[in-house]
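**Q** predicted model follows, preceded by the sequence.
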There are 2 protein chains.
Amino acid sequence: MDLGPLLQTNDTKILFVIADGLGGLDVDGRGTELEAARTPHLDSLAREGTTGLMVPVAPGITPGSGPGHLGLFGFDPLEHNIGRGVLAALGINFDLQSGDVAARGNFCTVDDHAVVTDRRAGRISSDRGAELVRKLAQISIEGAEIFVEPVKEHRFLLVIRAEQLGADIADTDPQKTGVEPLPARARDEKSERTAQIVGEFIAKAREILASEHPANMVLLRGFAKRPSLPTMQERYGLRSCALAGYPMYRGIARLLGMDVIECGPDLESEVDALHKRWGDHDYFFLHYKPTDSRGEDGAFDAKVQAIEELDRMMPKILKNQPDVVVVTGDHSTPSLLKSHSWHPVPVLLSARTCRRDAVETFGETACIRGGLSQFLAKELMTLALAHANRLRKFGA
Amino acid sequence: MDLGPLLQTNDTKILFVIADGLGGLDVDGRGTELEAARTPHLDSLAREGTTGLMVPVAPGITPGSGPGHLGLFGFDPLEHNIGRGVLAALGINFDLQSGDVAARGNFCTVDDHAVVTDRRAGRISSDRGAELVRKLAQISIEGAEIFVEPVKEHRFLLVIRAEQLGADIADTDPQKTGVEPLPARARDEKSERTAQIVGEFIAKAREILASEHPANMVLLRGFAKRPSLPTMQERYGLRSCALAGYPMYRGIARLLGMDVIECGPDLESEVDALHKRWGDHDYFFLHYKPTDSRGEDGAFDAKVQAIEELDRMMPKILKNQPDVVVVTGDHSTPSLLKSHSWHPVPVLLSARTCRRDAVETFGETACIRGGLSQFLAKELMTLALAHANRLRKFGA
C-alpha cells in the first residue's frame, strides 16, 4: 500500500542490521549455524523484542542479492527488478547513468563451427580476464560510448551509453554448449538500435578474440537499465544511509537514494562510520557480508564464527540506542547447500512498543513461535516505521 | 474471492463478539490487559476452539474504526474506504442518503490576516459548539440543502444534499497553524459544483462567526459520500443484525445492510436485545466498547476490568448456543499507547468443526501458537461461514 498519506516525521532512529545469508540448516544435529553460535546479545534482543520468520520473495523462491535486499527495504521483489546487468555494474562500483544499458558478459570458447564448447572459457584467471577486457575496451561504435570492465575470472561488464536506447534485448548466452551463441535480438522497437550496437560489438569482439584460446568469444545476458525506484526519502520520509563494505550493497543502497557512507569492508569500520554519522540520518542499513560468504563456502563452523563476531559487536552497534532495531538477513545461505536458499530468515525486532513473545533465543526454530509469525520481507519496513511511530492511523 | 457461487443456506447461527480495541501490550511484566484479566469463560472457549492472531489491515498499519470493522465483516479495508465525513455522520446517527456529501468540520481560530492560529478553537465546550452550530445551520444556499450538526466540542458535521454532487474535494484544513485555510478545491469535474457550494458555505460561515472568539472560522475535511457496499445478505446470504450501543458502529452496520437492533449503550442491554432477536437472524454482531475506551484512557486496570466484565457475561451471551462463536477485536488499543495500534488482535473461534490447538488460555502470547496462525481480518468471515457449513466445495 502507499504509505505516503500516513507518514509522519519525528526524531526516531531505525537501524537494520543485515547479516547477509543469515538463515541456515541443521548439520549433524547441531542446529543451524545461528543456533549453534553463542549469541548472548542477539538472544537478549530476541527475548525483549519480538521475533518471526521472514520469507524474502515468496515461499520456495530463492532470491539473488537484488530481490533479497529490495524486499528488506519494502519493495515487492516481484514487481521491481534490478536487472543482472545493473547488478554487475553496481557490484564493481561502475557509475551507471540513467539511460545506460548494462549487460553481464562471459568469455566463452567456440569451435571452428562457432559452436559453444565451454560457456566459461575454462574459468580463465581474473588477470587473464582483465587483459582480454582491455582489448575489448578498445572497440568503438559510431554513435555510442562503449564501456567494458572486468568483473572476476571469465566475467565482465558491458555498458552501452547513447541517447534513447531500449534494453529489451534477448540474452546471447544459449545457456548450454553444443549450439551457437544467439543473436542479440530486440524484443521491442525501442531496443532495435541497441540490438544493432550489441551485434556490432559482438562481431568486433569475435575478431579481436579470434586467436585467443580458450577465451575466443563472448556471451552476453541480463541487458538492463537502472530501474527508477522511489528513494527512501520519497517513499518513507527517511533520511537514510548505508554502511556497507561491499560494492554491490552500496550500489543497491544508492539506487534507493541512500547516502552511502565511506567505510572499509570490515564490520568494525562500518560500525565506526555508523556512529560518526548517527546525527545525520533516521535510517541506517548496516550490511554484514561474512555470514553469506561462509555459507557459500559450505563452512558451517566459519559461518558460526562469523555470527559470533557479529554478536560480540552488538553492544557497540547499539551504543546510541536506536528506537527500532531489526536484525535479520536478506535470505538464507545454509552452509549445507553452499548457496542462497528459499528458507525463511529469522528476524528480530526490538523497540519500546514490541509485544513480547515466548522466544528466548535468536534462532530459526525458536522464531517459529515468534510474535511476528511468518511474513513477507516486503512488510518489514512498514512494521519498523510503525514501531518508530512514523505512521499515522489509517482511516477514521 | 467471490463467495457467491459457494454459498448455501442452513439454520446455523454465527455470533461475533467484538471487544473494540481488545489487543494490548505488556505493562510492568503483568502481560497484556487480556492476559492480566481473569477470563475463565474466554479461556474455556479458547481451549475448546481454535485461536490465532489477526492483522486488521496490513502489518504495521494502525486502523481507524472504519477500516477495523470493514475487515471483520470480510471487506478489504484497502479497497473499501468509509470517508471521514461519512463516519462522522454515522457517529451521530445522521440519516445520510446515498447522494449526500458529508464532511467533518472543526471550529478554528484565525487572526486578522485570516491565518489559522488554533485548529481547534481552544477546544470549546460541546454546549458552545452546539450553539454556534445552530447559527451555521441557518445558512442557505441556492439549489442545495445544507445540514450542520454538532458532534462534540469543536467538531461538527456538514452535509450537502443536492442532485449529482461529486465528493472529491480537497480538505480546507491545512493541518497546521500559521497559514490560511485552504480553498475548497474540486479534484474532479463532477465535484466542481460541490466545491462552489462549499466555498459559499465557508464564506457565509466566516461572516456569521466574525465576531465570535475563539471560534471565528471553520475547517472542513474528509469530504465523502456513503460508499455503496454489498449487504451482508447479498455477499453472504446472511440475515444479519448489530447489537451496538454506540452510534458509529450502528452506522457501519447499517452501511452493510445489517438490522440495527434498538438497545442501550451497556452490554447487558445489548445481550438482552440479542436474545430477543435470536430467531430472526443468522448473523449477530455484538459490539463491546469499553475495552477500547479504557485503552484510549491509558487505564490498564480499567481495561482489565472491562475484559473481565465481558468474560462474566459470556455464559449469558452464549445461552442460545450459536453454532459459530468468534471473539476478537477490530484492532488493538494498548493502554500503554493510549491509542489504536497496529499490533495483531487475538482471536478465538469456537465451533463443532474446530481443529483444536494447544492453546489453553485466551491471550496475545498464547494465540501465537494457535491453529488459525496469523491472518488478515478480511479472511475471518470466510472462516466463520465455513464453520457454519455455509460454504460449498470450490471446484469439482
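**A** Alright, I've got the coordinates. Numbers count the residues shown, from 1 in each chain, chains lettered A, B, ... in the order given.
**Q** ranges for the strands of the stretch 51-200 of chain A?
**A** A:101-110, A:116-118, A:145-152, A:155-161 (DSSP state E, counting those that start in this stretch).
**Q** which one of the ones you listed lies nearest to residue B:334?
**A** Among these, the nearest to residue B:334 by CB to CB is strand A:101-110 (48.8 Å). No exception for glycine: its C-beta is placed from N, CA and C like everyone else's.
**Q** now the angle from that closest one to strand A:145-152?
**A** Counting by axes from the mean of the first three to the mean of the last three CA atoms, to 10 degrees, strand A:101-110 lies at 60 degrees to strand A:145-152.
**Q** and the angle for strand A:101-110 with strand A:155-161?
**A** Counting by the same axes, to 10 degrees, strand A:101-110 lies at 140 degrees to strand A:155-161.
**Q** can you give the strand pairings for strand A:101-110, parallel or anti for each?
**A** strand A:116-118 (antiparallel), strand A:155-161 (antiparallel), strand A:217-224 (antiparallel) (DSSP bridges).
**Q** in TSV, list those along with distance to residue A:44, mean neighbour count and mean pLDDT.
**A** What follows is these, written out as TSV (distance: least, CB to CB, whole Å; neighbours: other CB atoms under 10 Å in any protein chain shown; pLDDT from 0 to 100):
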stretch	distance to residue A:44	mean neighbour count	mean pLDDT
strand A:116-118	52	18	97
strand A:155-161	42	22	97
strand A:217-224	43	24	96
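**Q** domains for chain A, by residue range?
**A** A:4-81+A:229-387, A:86-224 (automatic domain parsing).
**Q** touching, residue A:89 and residue A:102? I think so.
**A** Yes: using CB atoms under 8 Å, residue A:89 is in contact with residue A:102, at 4.7 Å.
**Q** what sits in contact with each of these two?
**A** A:96, A:157, A:159 (CB atoms under 8 Å, 6 or more residues apart in numbering or on different chains).
**Q** ok, the second one - contacts?
**A** Shown here is residue A:157, whose contacts under the criterion CB under 8 Å, 6+ apart are A:85, A:88-89, A:92, A:94, A:102-105, A:147-151.
**Q** and the gap between the residue nearest the centre of chain A and residue A:292?
**A** In chain A, the centroid-proximal residue (CA atoms, centre = their mean) is residue A:65; its distance is 2.9 Å. Distance of residue A:65 to residue A:292, computed by CB to CB, to the nearest Å: 8 Å.
**Q** could you tell me how many residues sit around the one residue in the stretch 101-250 of chain A that gets nearest to chain B?
**A** Closest contact between the stretch 101-250 of chain A and chain B, by CB to the nearest CB, is at residue A:236 (11.5 Å). Applying other CB atoms under 10 Å in any protein chain shown, we find 27 other residues in the vicinity of residue A:236.
**Q** now the one 4 residues further on
**A** Residues near residue A:240, counting by other CB under 10 Å, number 23.
**Q** residues in the stretch 201-350 of chain A within reach of chain B, list them.
**A** Within the stretch 201-350 of chain A, no position is near chain B by CB under 8 Å from any CB of the partner chain.
**Q** quick one, grab the pLDDT at residue A:377.
**A** On pLDDT, residue A:377 comes in at 98.
**Q** residues near the residue nearest to residue A:26 when sequence neighbours are not counted, how many?
**A** Nearest-residue entry for residue A:26: residue A:32, 5.8 Å, with adjacent residues in sequence omitted and distances by CB to CB, 6 or more residues apart in numbering or on different chains. Residues lying near residue A:32 (other CB under 10 Å) number 26.
**Q** now do residue A:32 against residue B:170, distance only.
**A** Counting by CB to CB - residue A:32 and residue B:170 are separated by 53 Å.
**Q** for residue A:222, which non-adjacent residue is closest in space?
**A** residue A:84 (2.6 Å).
**Q** quick one: residues contacting whichever residue of the stretch 1-150 of chain A sits closest to chain B.
**A** Nearest to chain B, among the residues of the stretch 1-150 of chain A, is residue A:1, at 5.7 Å (CB to the nearest CB). Each residue near residue A:1 by CB under 8 Å, 6+ apart is listed here: B:58, B:61, B:78.
**Q** my guess is the first one meets residue A:379, correct?
**A** The reference is to residue B:58. Yes: using CB under 8 Å, residue B:58 is in contact with residue A:379, at 7.1 Å.
**Q** mutual contacts of these two, please.
**A** In contact with both residue B:58 and residue A:379: no residue, using CB under 8 Å, 6+ apart.
**Q** nearest residue to residue A:187 other than its sequence neighbours?
**A** Per CB to CB, 6+ apart, closest to residue A:187 is residue A:168, 4.2 Å.
**Q** residue contacts, that neighbour?
**A** Residue A:168 neighbours (CB under 8 Å, 6+ apart): A:186, A:187, A:188, A:190, A:191, A:223.
**Q** ok, now residue A:136?
**A** A:148, A:156, A:205, A:208, A:209, A:218.
**Q** how far away is the second one from residue A:206?
**A** To residue A:206, residue A:156 is 15 Å away according to CB to CB.
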